[in-house]
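S.K.: no sequence for this one, just the structure:
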């Protein structure tokens, strides 16, 4: 097999990554009240957008375009201050938003429509392949083998795929491959049982009830330049619903198998669990591999200060000041301040330059606290009424998880 650099020359100049970061993020509400989903903090110091960008850079890709739409300003400021590629590093960042003129106001109607409406900018490169990524997924992927596969097969489109169970299959696009890994059938988010049965893997792939039974699209695509230009001349605003079925009819469409960690941050529950998985270091995003780092915005803060605190299975952000009684199974964001005798359990506190502050003698359990929130002394966040869903003034519940939104102030003695 030829090496990818032999086939493409300099991969940094021959492949462009396109990160789609324009979603409104309604399923991650209320964390997306004031920001787009890719700008949401993750794992104490990162933003969701850092994962696809870092994986691209770690794969040798130096041409990256980020297409945003909702609340684009904060996201673009983060990218501009975190990633500083220039002509001397043979790198290029494009931050693309809907363009408003005196005659038209442009909105992106879907993933494919976002690429189509920015195609003139994207084609202003010598890229032979376009790697299309989502701005709200977690993974550690070296994209070079997938690009190599696209070259070897002369594919017009390669879709990254992984095996999933039935409960996941209903919310994803399903693939059926032949013995040469060509995609012979595709269906986006099937709900009918007969459609699911059509995509069930052979028995030897799922001999036990708990084993994966379907092959699903990860929403990661490699398009040959000419194929992308051609297919976007067709009607259709979304890759999964419209463009992929059209491309399948044209042929030269392949699936590339992936068997590592991957998580789509689609709900508050998935976001919460993906954060807490970092505290156990099991089935989680790999953030401690110094050879393939996850890049983040530079923070000029001192190391975390820990008082007389019992800490167990937790990640403490840079610059945090913790004098709590206990912090367990929790993520503590950059700059967070926690007062004496407080207890933090199974919780995610988002950090930033405007960090959260938690007073003395508080009890916080199964809670997400957003940036710049303030908790007075003796606050109890315990879901005392065992609710599943709740919408209030600065306090919400989703799947039994309490969310305190950005800027919310809870007074002394508040109990929820």
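M.R.: Arrived safely, thanks for sending. None of these values were measured; they are calculated from a predicted model. Residues are numbered from 1 along each chain as shown.
S.K.: Show me which strand runs longest in the chain.
M.R.: strand 214-224 (DSSP state E).
S.K.: helix or strand right after the worst-scoring helix or strand of the chain on mean pLDDT?
M.R.: Ranking every helix and strand in the chain by mean pLDDT, DSSP states H and E puts helix 4-8 at the bottom, with a mean of 48. Note on helix 4-8: by DSSP states H and E, the next helix or strand toward the C-terminus is helix 11-14.
S.K.: Does residue 37 touch residue 49 like I think?
M.R.: No - using C-beta atoms under 8 Å, residue 37 is not in contact with residue 49, being 9.1 Å away. In this view, the C-beta of every residue, glycine as well, is placed from N, C-alpha and C.
S.K.: For residue 178, which non-adjacent residue is spatially closest?
M.R.: Using C-beta to C-beta, 6 or more residues apart in numbering and skipping residues adjacent in sequence, the residue nearest residue 178 is residue 184, 5.3 Å away.
S.K.: Name the helix or strand for residue 276, please.
M.R.: With DSSP H and E as the test, residue 276 turns up in helix 268-280.
S.K.: quick revisit: OK, contacts around the residue nearest to residue 178?
M.R.: Residue 184 sits next to 176, 177, 178 when contact means C-beta atoms under 8 Å, 6 or more residues apart in numbering.
S.K.: Out of these, which comes closest to residue 142?
M.R.: Nearest to residue 142 out of those is residue 177 (C-beta to C-beta; 21.6 Å).
S.K.: Find me the pLDDT at the closest one, would you?
M.R.: Per-residue pLDDT puts residue 177 at 94.
S.K.: Restricted to buried residues, select the contacts of residue 184 in ChimeraX.
M.R.: Here is the ChimeraX selection string for the buried members of these, based on 16 or more other C-beta atoms under 10 Å:
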select :176,177
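S.K.: want to try CSV for the contacts of residue 184, with secondary structure and distance to residue 156 as columns?
M.R.: Output for the contacts of residue 184, formatted as CSV (DSSP: H, G, I helix; E, B strand; the rest coil; distance: C-beta to C-beta, whole Å):
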residue, secondary structure, distance to residue 156
176, strand, 18
177, strand, 16
178, coil, 16
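S.K.: what are the phi and psi angles of the closest residue to residue 375 other than its chain neighbours?
M.R.: Closest residue to residue 375 apart from its sequence neighbours, by C-beta to C-beta, 6+ apart: residue 358 at 4.6 Å. Per-residue torsions, residue 358: phi -120, psi 130 (degrees, to the nearest 10).
S.K.: cool, and residue 21?
M.R.: phi -130, psi 30.
S.K.: what's the burial count for it?
M.R.: For residue 21, the count of nearby residues is 30 (other C-beta atoms under 10 Å).
S.K.: Skip the chain neighbours and tell me the closest residue to it.
M.R.: Here the residue nearest residue 21, using C-beta to C-beta, 6+ apart, is residue 135, at 3.3 Å.
S.K.: Correct me if wrong: the one you found contacts residue 66.
M.R.: Yes - taking contacts as C-beta under 8 Å, residue 135 lies within contact range of residue 66: 7.2 Å.
S.K.: Give the residues shared as contacts by the two.
M.R.: Common contact partners of residue 135 and residue 66 (C-beta under 8 Å, 6+ apart): 19, 21, 49.
S.K.: ok, so of those, who is nearest residue 148?
M.R.: When the shared contacts of residue 135 and residue 66 are ranked by distance to residue 148 (C-beta to C-beta), residue 19 comes first, at 21.0 Å.
S.K.: what's the spacing between that closest one and residue 92?
M.R.: Noted for residue 19: a distance of 13 Å to residue 92, by C-beta to C-beta, to the nearest Å.
S.K.: what residues are shared contacts of these two?
M.R.: Common neighbours of residue 19 and residue 92, using C-beta under 8 Å, 6+ apart, are residue 64.
S.K.: of these two, who's got more company?
M.R.: residue 19 (25 against 17).
S.K.: Let me have the shared contacts of residue 135 and residue 66 in a markdown table, adding distance to residue 308 and pLDDT as columns.
M.R.: Shown next, in a markdown table, are the shared contacts of residue 135 and residue 66 (distance: C-beta to C-beta, whole Å; pLDDT from 0 to 100):
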| residue | distance to residue 308 | pLDDT |
| --- | --- | --- |
| 19 | 44 | 96 |
| 21 | 42 | 90 |
| 49 | 37 | 95 |
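S.K.: and which of those is nearest to residue 199?
M.R.: Nearest member of the shared contacts of residue 135 and residue 66 to residue 199, counting by C-beta to C-beta, is residue 19, at 28.1 Å.
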